[in-house]
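**Q** just coords:
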């Protein structure tokens, strides 16, 4: 069973999870609860009502109360995580197949039509292979509403950089169907994200306004996730061991932002100063996040302040280094102080 970031899966109980990352244990898929059946739910599919879960704490709580077998301790990542045993997966949802399905459909709604148009435009303008771009999110699992946004996934580093450059041109042109977020859009986005990612509105606007992977298409929000191909990851489950050290806030310089557009994103840093929390974890070489909201958060040469979980990473050769993982708590952040 081959799964990757952007896929969704449905369990035998009817729970719907979104898959995280490209590295998974042999017996599970690391995925986080997104939809569950509930009589008062606001999403309807095949006569059944579903509720959408947003915050990580709410996802964990729902599973702990009713489905604790989907929370497990992972010895490789040294953390409690959400994950679905492979034998409990009833259905997989493939973003690339969704594009093909919508292309053949005669009865698609306005949201699906706009999502398909967006994907087709990006394909036509760049020429990337059709099997490297897909539609994810609520549209993928037929649980979207009239005001749902469009979630696009692009696979393969070269394809991702090509699409990223094209989006930059489209958003900067100020014409056509694409437009960057205005101040009102940023305020709305801030009100939503600040529920589980704390940051001042001024910092949020400075950072989000220059991002390329998000904006408006035909007046509808869109978000593009850039995912390396499987063979580009260079790591299989268990090749590296991750040991939790503690939490810290650091100040550092970004030396390499070439992986900042990807999910998970990564920033190579230097001149690291520990502001508080654990302070013995050196050398700390990178800041990473598995959450799309921290993509394009800083650029090469900028000074950042970041807070998150410090981990020691040990590879199969015995080489070890430290990293800061951002995104597991509402207090986690990455802020560039030199924009």
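**A** That came through, no problem. All figures in this text were calculated on a predicted structure; none of them were measured in a lab.
**Q** Which helix or strand contains residue 273?
**A** Using DSSP states H and E, residue 273 maps to strand 265-277.
**Q** Now the helix or strand following that strand: average pLDDT?
**A** As assigned by DSSP H and E, the chain's next helix or strand after strand 265-277 is strand 284-289. Averaged over strand 284-289, pLDDT sits at 96.
**Q** Domains in the chain, by residue range?
**A** 8-93, 95-230, 239-336 (automatic domain parsing).
**Q** hang on, the earlier thing: quick check: angle from the strand holding residue 273 to strand 284-289?
**A** 110 degrees (axes from the mean of the first three to the mean of the last three CA atoms, to 10 degrees).
**Q** Buried residues, strand 265-277. List them.
**A** 265, 266, 267, 268, 269, 272, 274, 277 (16 or more other CB atoms under 10 Å). Any C-beta I mention is one placed from the backbone N, CA and C, and that applies to glycine too.
**Q** same question, stretch 181-195
**A** Buried, per 16+ other CB under 10 Å, within stretch 181-195: 181, 185, 186, 189, 190.
**Q** and what of stretch 282-300?
**A** 284-298.
**Q** Quick one: distance of the longest strand along the chain to the chain centre.
**A** Secondary structure assigned by DSSP state E gives strand 240-259 as the longest strand of the chain. The chain centroid and the centroid of strand 240-259 are separated by 18 Å, computed with CA atoms, centre = their mean, to the nearest Å.
**Q** Also stretch 138-157?
**A** Distance, centroid of stretch 138-157 to centroid of chain: 12 Å (CA atoms, centre = their mean).
**Q** Now do it, average pLDDT.
**A** pLDDT averaged over stretch 138-157 gives 97.
**Q** What residues sit buried inside the helix or strand hosting residue 171?
**A** Per DSSP H and E: residue 171 is located in helix 157-173. Residues of helix 157-173 classed as buried: 157, 159, 160, 162, 163, 164, 166, 167, 170, 171 (neighbour count, 16+ other CB under 10 Å).
**Q** between the buried residues of stretch 282-300, which is closest to residue 152?
**A** residue 292 (11.4 Å; CB to CB).
**Q** Quick one: residues contacting the closest one.
**A** 213, 223, 225, 263 (CB atoms under 8 Å, 6 or more residues apart in numbering).
**Q** what sits against residue 276?
**A** Contacts of residue 276 (CB under 8 Å, 6+ apart): 248, 249.
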